[in-house]
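Enquirer: here is my input, please return the structure:
(2 chains)
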Amino acid sequence: MRRLLLTVGLAALSAPGLAQSGQGNLAVTIYNQNLALVQDTRQLNLPAGRSRQEFPNVSGQISPETVTLNALGVGIVEQNFDFDLLSPSKLMEKAVGEEITLLRTNPATGAETRERAKVLAVNGGVVLQIGNRIEVLRDDGLPVRAIFDRVPENLRARPTLSVTLETARAGPRPVTLSYLTPGMSWKADYVTLFDEGAGKIDVQGWVTLTNTTGTTFENADTLLVAGEIGGRGGGYDEYGRGYRLPPPPPGNRPGTETPGREVLGDFYLYPLRERTTIANQQTKQVSFLDVAGAAGRRAYVFRNAWLGTLTEAASADTVLQFSSSRDQGLGDALPAGTVRVYMKDARGNAQFIGENRIGHTPMGSDVAITTGQAFDVKIQPLVVTREQRGSRWRTTMRYVLTNARPAPVAVDLIQSGLWGDVRIAQESLKSIRRSAEEAMWRVTVPANGDATVTATFDSRY
Amino acid sequence: MGGYRALLAGLLLAAAAAAGAQPVARSAGPQAVAVTVYRAPGRGPGEGMDLRWLNGFALVTETRRISIPAGDSEVRFEGVAGGILPESSIVSGFPDGVREKNQDRWLLSPGSLLDASLGRRVHLRRTSPATGAVRETEAVVRSGAGGAVVLETPDGVESLRCDGLRSTLAYDRVPAGLSARPTLSVRVRSPRRHRATVTLSYIASGFDWQADYVAELSPDGAKMDLFAWLTLANGDETGFRDAATQAVAGRVNRSSASPPRPQAPPLVLRCWPAGTTTSDLEEKVFEKEEIVVTGSRLMMAMEVPMVETPLPPPSPPPAMMARQEELGDLKLYRIPEPVTVAARSQKQVALLAREGVKVETVYRVDASTRGTGSLVVTRVLSTRNTLQEGLGLPLPAGRLVLFGMGRARPLLLGRGFVGDRAVGEKVEIPVGPANSVAARAARLSVEADGKEEWELTVSNAQPAPVRFEAQLMGGDLELTSPTPLADRDGRPLWTVMVPANGEASLRYRLDRR
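Expert: Okay, here's the model as predicted:
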């Protein structure tokens, strides 16, 4: 009889041929900083009085302390988060003091004998009491099936949230569960095709979201929020590794325009047009920006450290400059992410020429990103002389710029590290003092030629 | 194999149909593929490739023909590179665009099959060792985390294989989203059923390349024949047959970290403690071979033997040579014919060849150290990257081996490396320490006001004169010398031809003001 019941139960359980995820109407809001807010509305048939309700298939990384539950006329008595996972060992440990069924198979004849046994201990091995005998499970190495009557409470295949509810009125109603979970994050990825001759860029923007929560979110209404949320130390990349940002090339300026996007206070909202399933261990991309023919230009930048001298010329950085403004630019705010730049080769195939990260960029910004280093444009900075005059030092620098390209190039040559009251006493080309720390020369290097800049610095150290 | 694939495709379609999900169109592989390999950004010019850990990357562009069903569908591109950076993927050729792109990190394996079957009905099949009779019962997977398998059967709750019986699980279908090979999938919507040629390109990690130079010095030492290999390596589990292959020289900025690679989790079954009364007596491997079901093809260490390719000096001109093109501020080298970039292999194609390049061997010391005694003299192969000297072409970074002829056989004269050299730059390649030219520095006297007198002496044991260069102290030290000194890189340079079997010396004064 018992067996029959179990079989029926089994059949009922697996009747649809598919796992019932148990998830209800899902609304998932994903932030940039490995954080998501999940709102899960499930239909529950609650009995009157107190009842314990389980919410399977919540995020495997749920922060249980952030759970809130809303339902009409329902009070919460207590909330439990069980993370004791079901395994054969746990099953046997929980069976200590209880009876299990042993099914022995005769290796010669295949005949089966069935008996009940009480589990006495599970310490390194399983000690059983069978009638008046004490035995160790499978001590003789012969096959013995150990069959348990049921799965103990609190042992789950996945971490499970259970809530004890109290309600005066029985009946079905929607129950909304919301919680924060790490393990989901998103960023933007920009595919940029640079047409150097025309001075144009075509940009496609994709949001890339990743789910490592251990749970698949079925058919979720998904919203992405661009902007920094506090509460975590910065300085980590998307895989949690520390990084230091090099100084950005010249040509960056934050914008002041408002895009036609949904805005919530300081944040931009990017709703996905359709419901989507965010599978576990999946990277998903959805398009959000497609602009053709925006203005883009290439620049060369070289930044020399104070007293930097090189015995071998070094390549200038190749910088791509564009704008996010409505006029001539991409015409949108750009969420933080990676800009990958491609160029067409001689056969018209797009080839990758470098990438860099951008931060959250308001509309109307001027953006300059370093994509790589120029093979043919090189600079050799040299400390020519350095002499002490009274309490101050005089340092003469010489910068030799070479260009192996068949067209002239303009290089932004930056001397950084001008700390304190460093003055330029003499220079062969008028410099722009970008800040107290940096002087910049805009040097034109002729085609297949070179140019030299000399400067004498008057400094305290 | 074809039968197996058809079966798998059938299973996948069945899975989609059963799940009530959108139809799935599979693309087993590309019709045409192009691979552009980039050098590891952080690797110095003198560092070789580590074939077990390639830090460069590649841009892979694949052309695939697929039939797209009408309505919403999922198109699965199978057999992409395992090191794919999914967020870098570009898909074009779908007439109505792409709604979303997905990459599932888990591959089909015993472990992922079980994991995806949690809460589902499977078949538990037991074979009697005595009679060979097979008995199959239905079971529902109650737990599968990390190989801890708990099954609910009509008999009750049981484990898998802790009982010592021959038993296994059989599944009805491959769960959706699990593919045998690394796969990128896209969701598309099409008004009608049609065939399309789509292009998929993406950046993949686990590739690298370098130039390997072979220089042959003429007997008089005034000329060399320079040849270079384009050596590229694919450390990925996916190979590319008949690929249009390119390599890009120059520094490319990277900011994305390489993502976790696709994983095929193995199934390692776990049981309850299995100690017995005799556990401590015998060293017993508890049915280990049976219990470990390996499926971790991708996690295996890449046991590629390090091949330090011996590079013989080439005599006939190479039949196929890479062609150089400009690519923005980078240099693109195109292999003119399609080649196969096999999985986990290294390939070499001629990169450039120049005969009769004018060179000079210079013996050089850095005499800026303040010690007295002998100095390290380095042999430097020196030329300029111009047409007049016989070069005049971009030289990508790589290592160099220098050969000379002696006793009618090639002799290895030295090894060095060269960084990226643009046209017009000086090219100076240190190829090893000098054996017959020695230099020593001596402080002759120190005066009360701190002035020092030094002598630098160089001796030449060769029966021919050699060019010698010494880079002397510079910066904030005043240096006076009776012979006029050249200036190089902001430091005084003494250049002298040391006579055959002779010596040369320089006396100079240092003043630390």
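Enquirer: every contact and neighbour count from this point should use C-alpha atoms.
Expert: Will do.
Enquirer: can you classify the residue nearest the centre of chain B as helix, strand or coil?
Expert: Compute the mean C-alpha point of chain B, and by C-alpha atoms, centre = their mean the closest residue is B:L54, 2.7 Å away. The three-state assignment at B:L54 reads coil, by DSSP: H, G, I helix; E, B strand; the rest coil.
Enquirer: got it, and A:V339?
Expert: Under three-state DSSP, A:V339 comes out as strand.
Enquirer: list the contacts for A:Y190?
Expert: A:Y190 sits next to A:203-206, A:337-340 when contact means C-alpha atoms under 8 Å, 6 or more residues apart in numbering or on different chains.
Enquirer: any idea what it is bridged to?
Expert: Note on A:Y190: beta-bridge partners by DSSP bridges are A:G205, A:V339.
Enquirer: likewise A:R133?
Expert: Bridge pairing for A:R133 - DSSP bridges - gives A:I130.
Enquirer: can you name the farthest residue from the center of chain A?
Expert: In terms of distance from the mean C-alpha position of chain A, A:N132 ranks first, at 60.3 Å (C-alpha atoms, centre = their mean).
Enquirer: okay, now whatever residue of the stretch 401-513 of chain B ends up closest to chain A: neighbour count?
Expert: Nearest residue of the stretch 401-513 of chain B to chain A (C-alpha to the nearest C-alpha) works out as B:G490 at 4.7 Å. By the criterion of other C-alpha atoms under 10 Å in any protein chain shown, B:G490 has 20 neighbours.
Enquirer: measure it to A:R386 for me?
Expert: B:G490 sits 11 Å away from A:R386, going by C-alpha to C-alpha, to the nearest Å.
Enquirer: for A:K118, same thing?
Expert: A:K118 sits 90 Å away from A:R386 when distances are taken as C-alpha to C-alpha.
Enquirer: please apply the same query to A:L401.
Expert: A:L401 is 21 Å from A:R386, by C-alpha to C-alpha.
Enquirer: and B:E158, what are its bridge partners?
Expert: Here B:E158 sits in beta bridges with B:L151, going by DSSP bridges.
Enquirer: contacts only, for it.
Expert: By C-alpha under 8 Å, 6+ apart, the contact set of B:E158 is A:88, A:145-148, B:150-152.
Enquirer: where are the low-confidence patches of the chain?
Expert: All of this is about chain A. A:1-21, A:231-246 (pLDDT under 70).
Enquirer: meant chain B actually
Expert: Checking chain B against pLDDT under 70 turns up B:1-21, B:144-147, B:258, B:279-316, B:369-370, B:474-478, B:512-513.
Enquirer: select the longest strand from it.
Expert: Looking across chain B with DSSP state E, the single longest strand is strand B:194-217.
Enquirer: quick one: the helices in chain B?
Expert: In chain B, the segments counted as helices under DSSP state H are B:2-19, B:110-116, B:288-291.
Enquirer: return the residues of the stretch 301-450 of chain A in contact with chain B.
Expert: Applying C-alpha under 8 Å from any C-alpha of the partner chain, we find that the stretch 301-450 of chain A lies next to chain B at A:310-311, A:318, A:338, A:340, A:343-346, A:351-357, A:370-376, A:382-387, A:404.
Enquirer: quick one: buried ones out of those residues?
Expert: Applying 16 or more other C-alpha atoms under 10 Å in any protein chain shown to those, the neighbour count classes A:310, A:318, A:338, A:340, A:343-344, A:351-357, A:370-376, A:382-386, A:404 as buried.
Enquirer: what about the longest strand of chain B, near chain A?
Expert: No - contact of strand B:194-217 with chain A (C-alpha under 8 Å from any C-alpha) is absent, the minimum separation being 8.5 Å.
Enquirer: helices or strands next to that strand in the packing?
Expert: strand B:32-38, strand B:56-68, strand B:90-92, strand B:223-234, strand B:398-406 (3 or more C-alpha pairs under 8 Å, 6 or more residues apart in numbering or on different chains; DSSP states H and E).
Enquirer: give me the buried positions along that strand.
Expert: B:198-217.
Enquirer: quick one, it and strand B:398-406 angle?
Expert: Using axes from the mean of the first three to the mean of the last three C-alpha atoms, to 10 degrees, the direction of strand B:194-217 lies 40 degrees away from that of strand B:398-406.
Enquirer: work out the gap between strand B:194-217 and the centre of the chain.
Expert: Its chain's average C-alpha position is 11 Å from that of strand B:194-217, according to C-alpha atoms, centre = their mean, to the nearest Å.
Enquirer: with stretch A:250-269 instead?
Expert: Offset of stretch A:250-269 from its chain centre (C-alpha atoms, centre = their mean): 21 Å.
Enquirer: then that stretch to CSV, C-alphas only?
Expert: Output of stretch A:250-269 as CSV, limited to C-alpha atoms (Å, rounded to 0.1, in the frame of the first residue of the first chain):
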residue,chain,number,x,y,z
PRO,A,250,43.4,64.6,-22.8
GLY,A,251,40.1,65.1,-24.5
ASN,A,252,37.7,64.0,-21.8
ARG,A,253,35.0,66.3,-20.6
PRO,A,254,31.7,65.4,-18.8
GLY,A,255,28.6,66.4,-20.6
THR,A,256,25.5,68.3,-19.5
GLU,A,257,22.8,67.0,-21.8
THR,A,258,19.8,64.8,-20.8
PRO,A,259,19.1,61.8,-23.0
GLY,A,260,15.6,60.6,-23.9
ARG,A,261,16.0,57.7,-21.4
GLU,A,262,14.0,56.9,-18.3
VAL,A,263,15.6,58.5,-15.4
LEU,A,264,15.2,57.8,-11.7
GLY,A,265,17.0,60.4,-9.7
ASP,A,266,20.7,59.9,-10.3
PHE,A,267,20.2,56.7,-12.3
TYR,A,268,19.4,55.8,-15.9
LEU,A,269,17.0,52.9,-16.4
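Enquirer: got the contact list for residue 192?
Expert: Answering for chain A, as no chain was given. A:201-204, A:339-342.
Enquirer: wait, chain B was what I had in mind.
Expert: B:69-71.
Enquirer: for it, give its distance to B:Q22.
Expert: B:R192 sits 14 Å away from B:Q22, taking C-alpha to C-alpha as the criterion.
Enquirer: run a quick neighbour tally on the closest residue to B:A81 other than its chain neighbours.
Expert: Here the nearest residue to B:A81 in space, its sequence neighbours aside, is B:T238; by C-alpha to C-alpha, 6 or more residues apart in numbering or on different chains that works out to 5.2 Å. By the criterion of other C-alpha under 10 Å, B:T238 has 18 neighbours.
Enquirer: and B:T238, what are its phi and psi?
Expert: phi -100, psi 130 (degrees, to the nearest 10).
Enquirer: I'd say it and B:A343 touch.
Expert: Yes - using C-alpha atoms under 8 Å as the test, B:T238 is close enough to B:A343 to be in contact (5.1 Å).
Enquirer: mean neighbour count and distance to chain A added to the helices and strands packed on strand B:194-217, as a markdown table?
Expert: Formatted as a markdown table, those follow (neighbours: other C-alpha atoms under 10 Å in any protein chain shown; distance: least, C-alpha to the nearest C-alpha, whole Å):
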| stretch | mean neighbour count | distance to chain A |
| --- | --- | --- |
| strand B:32-38 | 24 | 8 |
| strand B:56-68 | 22 | 7 |
| strand B:90-92 | 16 | 8 |
| strand B:223-234 | 23 | 17 |
| strand B:398-406 | 20 | 14 |
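Enquirer: wait, which of these is closest to A:L223?
Expert: strand B:90-92 (23.0 Å; C-alpha to C-alpha).
Enquirer: what pairs with the closest one, parallel or antiparallel?
Expert: Counting by DSSP bridges, the strands paired with strand B:90-92 are strand B:194-217 (antiparallel).
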